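> fold the following.
(3 chains)
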Amino acid sequence: MQLASAPESVAQPRARARLAIRSQGLAGALLSAPAILYFAVFWVFPFGLAVYYSFTNYQLFTAPRWIGGANYSQLFTADPEFVHSLAITGLFVVVTVVPTTVLALLIAAPISRGGPVFGVYRALLVIPAVMPLVAASVVWIVIYSPGGLANTLLSFIGAPQVAWLTGTTSAYWGLVIMTIWKYLGFYFLIILAGMQTIPRNLYHAAALDGARSLRTFFRITLPLTRRTLAFVIVIGIIAAAQSFVPAYILTQGGPANATELLPLYLYKEAFSFTNMGLASAISVILTVVLFAVAFVQYRMIQGRGQRAART
Amino acid sequence: MTQISRRDLLRGGAGLAAAGGAAMLLPACGSSSGSSSTNSSGTTTISVWQHQEPAFNDAYAKVAAEFEKTHKGVKINSLYIPFAELATKTLTAFAGGTPPDVAKLYGGDFASFSSKGMFAAVDYKAMGYPSLPALKSAFMPNSMNQLVYNGTQYGLPVDWNALLLIYSIDDFKEVGLDPSTPPATWADVLTYGQKLTKRDSAGNVTRAGFQWVYDGGTTWDYLNMLMLVNGMGGSLLTSSGGGNLNNAEGVRALTYYGDMSTKYKISSPNITGPAYDQGTFAQGKVSMYIASNWAIPLILAADKKLKEGVNFTVAPVPQWGSSATVVPAYTYGWAVAKSTKNPELVWEFLKFMESRTNAGALLSASDVVEPVANWQQLNPSDPGTQLMAKAAPDLVYGQPSPNFEQIASTLSTGIQSLARGQTTAAKFAAQFDATSFGS
Amino acid sequence: MPQGRDRVASRLLAYAGLGAITLIMLLPFLYMLSIASGQGNQTGLLPGHFALISNLRSVITNAGFGRFLLNSFIMSGGIAVLDVVISAAAGYAIGVLRFPGQRALFAVVIAILGISPIVVIIPVYVMLRDVHWLNSYQALIVPLMCSAFGVFLVRQFALGIPGSVIHAARLDGASEFRIVLRVALPFLRPALFTLLLLDFLTQWDNLIWPLIVASQSSMWTVAVGLSSFQGEHGIAYNLMSAAGLVSMVPPFVLFLLLQRNYVRGVTFGGIDR
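Just a heads-up that it's a prediction; the model follows:
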């Protein structure tokens, strides 16, 4: 069945296939070269510039002026708006990623087993993901408006009306709900793809053994989706922390900065105040935090499972 | 397989950066595109950027076409940018060295943009005037003030607006107020507001007797505070550009603003809708509010049964009554990029755009005001027009500051909190003054 | 038999639960249909007049929307295809092969995920200006033609390729590239098609980049076109929603076309379908 871990070296080169590359090192380098070049030019170099700018006072139209770590110290000691933004973004990540992941798992599991009815659901569930973000955000403005869908539904169940986008707390949770709604489809598609790689015979064997659905889910589906889950959670955290358009359109970060997620604050500093130096510092902090969180999450979820799966 | 260590990260990053650096040694060739050019066939192109506003864009396009007809070999390349993205796109273009020749930008930002060297000073000679005062006399007095920075004129006014009080004649009649005597002072606003406001059983405002514009963005919050603070003879900023609210006038103004919703429950941040205050006013959820003349056609569009002069009308903005009359105003401005390749032609185009005939055409087609001298005579029967023109001696735009956006943003956050009872006037005043704006 | 009953019961539960969730998820879409059918700014649950067709028509014929759709197609399609190819190569390499700098590369890819596009925009814009690419299709596509997201995704899926099969192929004398094409690719199909679709969707929504890079509106995309319904004094709700409906069609059609790849499970060697 499965061998022990693959040997380090490659097979002996043969004379006949001259263009065949048998060195993993060479193949790996060639295959990843285009991506490396792309990342270097379009991401690493500009971000390197941004790191440099983060130590300067740079107003876009005059030359950057070196000020050392002043931007960083200002952000943490003299900028309550930044700290506030950081806090609400952190909370935002947790309250959007967790429910979305759980929901996506729950709906992907039955759908991945196949069947025509589930096929219809699959197509329908993707619709929110396919709705253009700008238009969808505007629809949600209407949903949250005083006579809109949200309050109408609340009145159906006898709950009090909520001043959704004009209240500070309600605007935040309204944004959370909208974000979960919008990105569920994305999470769902990825997890679904991951579940497709689970061999069917495992499910047949489990059924023969008399395993019930819940048990199958926890013993077979979930563990074998571990790799996909690790991916989805890391990506989800990063995407949530970089969420821009919904808050931008729904509330412009208001009211009174209640929904000023970090990307909005960054955008404001960069393009409204032309404080490129400070904006760069914020982005560096965000990148470092996200990398740290992603790394930890990834290890936690994938770590132990990895050794079992990769043989 | 992937134990990511710090060493790996540094190694990887350094490697990529080196590769990236090498890639960047690609030749950085030639001049930038985007601004005007003359190609070999002799066509000179002028690029003009403005935000999308269908009625104005159409009217403007006709004027631009006229100019092309009378200037052979000249093409006006116009770009209409979604309103929310105008600043981002223009800033990127200027910062990236590819600015348009002409841009129509918000007046409050002129100080910032001029201080960065983006704009060319208004060339009155190329416009055919012997001196700057001569040019200014072609416009309504005080209408060009917001486009001045450090004593230099950097733009020509277009889409100029002074604030007006808009009130519902129907609502006045309903509660027994005389529609021909709108509130003249802020004290009157409270009295009238109390009578006009309707509340439900839970105490929530269902009809605001007087409504602050809460959803107009940072610029409206700025204008409202300008109105209250400068109206008292005070000033939002100190002469060195710092906050100036932590004093008697500032705190009184802030208190008045906040009390309208928290203490008196006359206005409410929760009254809002898709067409903003024009919509809620038309729906009868607001009896009085402060906007400008552009609101009138929007109100009429929101409810076609309404008639100006019959159901609602305009009045001058209220005053404190104890100091000089103050009417806040704002304008957009035609600005010319310093790096434009055809300055003479561009100024000629702007002179044409701001000619009396064309100002009239723009006004009648789109209600957008180019405040040329005696522009109000182009629209003699419109009450809002006459009121705005009458306000010329009393106009205030706010002290020009390169940090306008930061000031407006801080102010806005504060008064939005204030209106919801989440802070106090004294607290915010102190906070505002302690904020250092800009570099 | 207990498990028979259990299976039926769990199936019904799944149908019902999924049905409820699907309905809730679709409510905003149905609402959008309603708004798009209205006139002006009506926001009731049901439109007062049925103006959907005329709103759709005015969106398509005015506002240059046809051009925007074409540009969006070229941009999103170009980026999606390029990204799949480049990311698949790199993701496979990082996930399966052993080469120097591999772990560092993976770390950098993760780090890049966390870089906010906002600070990267202006340097890249200047780069494009210097090579005279502004206002062109390559400016829309090339700076976005690969993604850390894609590399990460493929790598995760590549990890799932059983090492034994690759090892066997190597023992058979297959070259590394042959292994990629014959062994890895079939296994990675669901991931690659998912990536294609997700990239297409993400770039379909990209607002800031096409806006900045194009100096003529003829190069703008659907996302910019939608943003234009947001004016200084209000939003044209019915037109924006109608335009939103029009904009949904190509991505949804793409999804339907790619559905086939979700129907069947992965076949791999002797493993049961």
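
> contacts and neighbour counts: CA atoms only from here.
Noted.

> from the stretch 301-439 of chain B, which residue is nearest to chain A?
Per C-alpha to the nearest C-alpha, residue B:413 is where the stretch 301-439 of chain B lies closest to chain A, at 4.3 Å.

> spatially central residue for chain A, please.
residue A:236 (2.3 Å; C-alpha atoms, centre = their mean).

> show the contacting residues for that one.
Listed by C-alpha atoms under 8 Å, 6 or more residues apart in numbering or on different chains, the contact partners of residue A:236 are A:97, A:187.

> what helix or strand is it on?
Per DSSP states H and E, residue A:236 falls inside helix A:226-241.

> what do you get for residue C:25?
Element membership for residue C:25 (DSSP H and E) is helix C:2-36.

> that helix near chain A at all?
Yes: Helix C:2-36 reaches chain A (C-alpha under 8 Å from any C-alpha of the partner chain) through C:3, C:6-7, C:10, C:14-15, C:18-19, C:22, C:25-26, C:28-29, C:31-32.

> next secondary structure element downstream of that helix?
Heading C-terminal from helix C:2-36, the first helix or strand you meet, by DSSP H and E, is helix C:52-61.

> avg pLDDT for that following helix?
Mean pLDDT, computed over helix C:52-61, is 83.

> ok, now how distant is the residue nearest to the centre of chain A from residue B:145?
According to C-alpha to C-alpha, to the nearest Å, residue A:236 stands 50 Å off from residue B:145.

> with residue A:57 instead?
30 Å.

> give me the more crowded residue out of the two.
The neighbour comparison of residue A:57 against residue B:145 (other C-alpha atoms under 10 Å in any protein chain shown) goes to residue B:145, with 24 against 21.

> quick check: chain neighbours aside, which residue is closest to the residue of the stretch 151-273 of chain C found nearest chain B?
Proximity of the stretch 151-273 of chain C to chain B (C-alpha to the nearest C-alpha) peaks at residue C:228, 4.4 Å away. Using C-alpha to C-alpha, 6 or more residues apart in numbering or on different chains and skipping residues adjacent in sequence, the residue nearest residue C:228 is residue B:82, 4.4 Å away.

> pretty sure the one you found contacts residue B:54?
No: at 10.9 Å, residue B:82 and residue B:54 do not qualify as touching, with contact defined as C-alpha atoms under 8 Å.

> the more surrounded of those two?
The neighbour comparison of residue B:82 against residue B:54 (other C-alpha under 10 Å) goes to residue B:82, with 23 against 12.

> list the contacts for the more buried one?
Going by C-alpha under 8 Å, 6+ apart, residue B:82 touches B:51, B:52, C:224, C:227, C:228, C:229, C:230, C:231.

> which of those fall in strands?
residue B:51 (DSSP state E).

> separate out the buried members of the contacts of residue B:82.
B:51, B:52, C:224, C:227, C:228, C:229, C:230, C:231 (16 or more other C-alpha atoms under 10 Å in any protein chain shown).

> now, those residues that are in helices?
Those of these mapping onto helices are C:224, C:227, per DSSP state H.

> could the buried ones among the contacts of residue B:82 go into a markdown table alongside distance to residue B:114?
Shown next, in a markdown table, are the buried ones among the contacts of residue B:82 (distance: C-alpha to C-alpha, whole Å):
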| residue | distance to residue B:114 |
| --- | --- |
| B:51 | 19 |
| B:52 | 23 |
| C:224 | 28 |
| C:227 | 28 |
| C:228 | 27 |
| C:229 | 30 |
| C:230 | 28 |
| C:231 | 26 |
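
> just the buried ones among the contacts of residue B:82 now: which is nearest chain A?
Closest to chain A, out of all of those and judged by C-alpha to the nearest C-alpha, is residue C:227, at 6.7 Å.

> give me every residue in the stretch 101-250 of chain A lying close to chain B.
Within the stretch 101-250 of chain A, the positions near chain B by C-alpha under 8 Å from any C-alpha are A:142, A:145, A:146, A:163, A:166, A:167.

> pretty sure the fifth one contacts residue B:269?
Think residue A:166. Yes: when contacts are counted by C-alpha under 8 Å, residue A:166 is listed as touching residue B:269 (6.3 Å).

> between the two, which one's more packed in?
Using other C-alpha under 10 Å as the criterion, residue A:166 and residue B:269 rank with residue A:166 on top: 25 against 21.

> when you scan stretch C:100-109, is anything in it near chain B?
Yes: interface with chain B: stretch C:100-109 contributes C:101, C:103, C:104, C:105, C:107, C:108 (C-alpha under 8 Å from any C-alpha).

> is any residue of that stretch near chain A?
Yes: contact of stretch C:100-109 with chain A (C-alpha under 8 Å from any C-alpha) involves residue C:100.

> name the residues of that stretch that are buried.
Buried, per 16+ other C-alpha under 10 Å, within stretch C:100-109: C:101, C:102, C:103, C:104, C:105, C:106, C:107, C:108, C:109.

> tell me which two of those sit farthest apart.
C:101 and C:109 (12.2 Å; C-alpha to C-alpha).

> and the pLDDT at residue 100?
Using chain A here. Residue A:100 carries a pLDDT value of 96.

> was after chain C, sorry
88.

> break chain B into its domains for me.
Annotated domains of chain B cover B:37-162+B:330-396, B:164-328+B:400-434 [automatic domain parsing].

> who touches residue 242 in this structure?
No chain was given, so I picked chain A. When contacts are counted by C-alpha under 8 Å, 6+ apart, residue A:242 touches A:262, A:263, C:116.

> switch to chain C, please.
Residue C:242 touches C:33, C:36, C:37, C:52, C:55, C:56, C:59, counting by C-alpha under 8 Å, 6+ apart.

> quick one: it from residue C:27, how far?
Distance of residue C:242 to residue C:27, computed by C-alpha to C-alpha: 16 Å.

> likewise for residue B:236?
According to C-alpha to C-alpha, residue B:236 and residue C:27 sit 47 Å apart.

> so who does residue 51 touch?
Looking at chain A here, since you left the chain open. A:280, A:281, A:284.

> sorry, should have said chain C
So residue C:51 contacts C:36, C:37, C:38, C:39 (C-alpha under 8 Å, 6+ apart).
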